[in-house]
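**Q** Just the structure for this:
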Amino acid sequence: MPFSFHAAAGLRANDSRSDVWPLRRRQLWRPGTLRVRADARLFIYPSLYEGFGLPVLEAMASGVPVITSNQASLPEVAGDAAIQVDPHDRDALRDAMLRLIEDKGEAQRRARLGLAQAARFTWRTCAEKTLAVYRSAIGNGK
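**A** So this is what the prediction gives:
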């Protein structure tokens, strides 16, 4: 089960691990976690497999810069807004975290890009595309 790491606002490169806490995926949907996500300094989601990537979009929609996996559906969902890393590469993950923690301008830029990326994905568009697939399948006699 993938973990998300929410970094406390005052986190610096040399701070202890007590300033970063993991939440199991199932905890992301509990009441109050969207507020935690919106207050986070960054959102890290190094998933090995993802059906769509909703947690990444939610973090982006909350204005939080994202570091995510470069695998499965996540590159398409995250676009250029997130820093994408190989989830098996600990050094790349560490470097991405330090980059967003130490470079406020880059974190702000990623947050702005994330808001724009998340706005591209709406439930209305999802419903319209799903309906188009159904209509196409029916029209083709499938």
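**Q** so what's residue 59 up against?
**A** 37, 40, 43, 45, 66, 114 (C-beta atoms under 8 Å, 6 or more residues apart in numbering). Just so you know, the C-beta spots here come from the backbone N, C-alpha and C atoms, and that holds for glycine as well.
**Q** distance of the residue most central in space within the chain from residue 132?
**A** In the chain, the centroid-proximal residue (C-alpha atoms, centre = their mean) is residue 56; its distance is 2.2 Å. Using C-beta to C-beta, to the nearest Å, one obtains 24 Å as the distance from residue 56 to residue 132.
**Q** circling back: what kind of secondary structure is the residue nearest to the centre of the chain in?
**A** Classification of residue 56 by DSSP: H, G, I helix; E, B strand; the rest coil places it in helix.
**Q** wait, isn't it in contact with residue 78?
**A** Yes. At 5.5 Å, residue 56 and residue 78 qualify as touching, with contact defined as C-beta atoms under 8 Å.
**Q** list residues touching both of these two?
**A** Among the neighbours of residue 56, those also in contact with residue 78 (C-beta under 8 Å, 6+ apart) are 66, 68.
**Q** mind listing the helices for the chain?
**A** In the chain, helices defined by DSSP state H lie at 33-39, 54-61, 74-78, 90-102, 104-119, 123-139, listed in chain order.
**Q** Rounded mean pLDDT for the longest one, please.
**A** Averaged across helix 123-139, pLDDT comes to 90.
**Q** by contact count, what packs against it?
**A** Helices and strands in packing contact with helix 123-139 are not found; criterion 3 or more C-beta pairs under 8 Å, 6 or more residues apart in numbering; DSSP states H and E.
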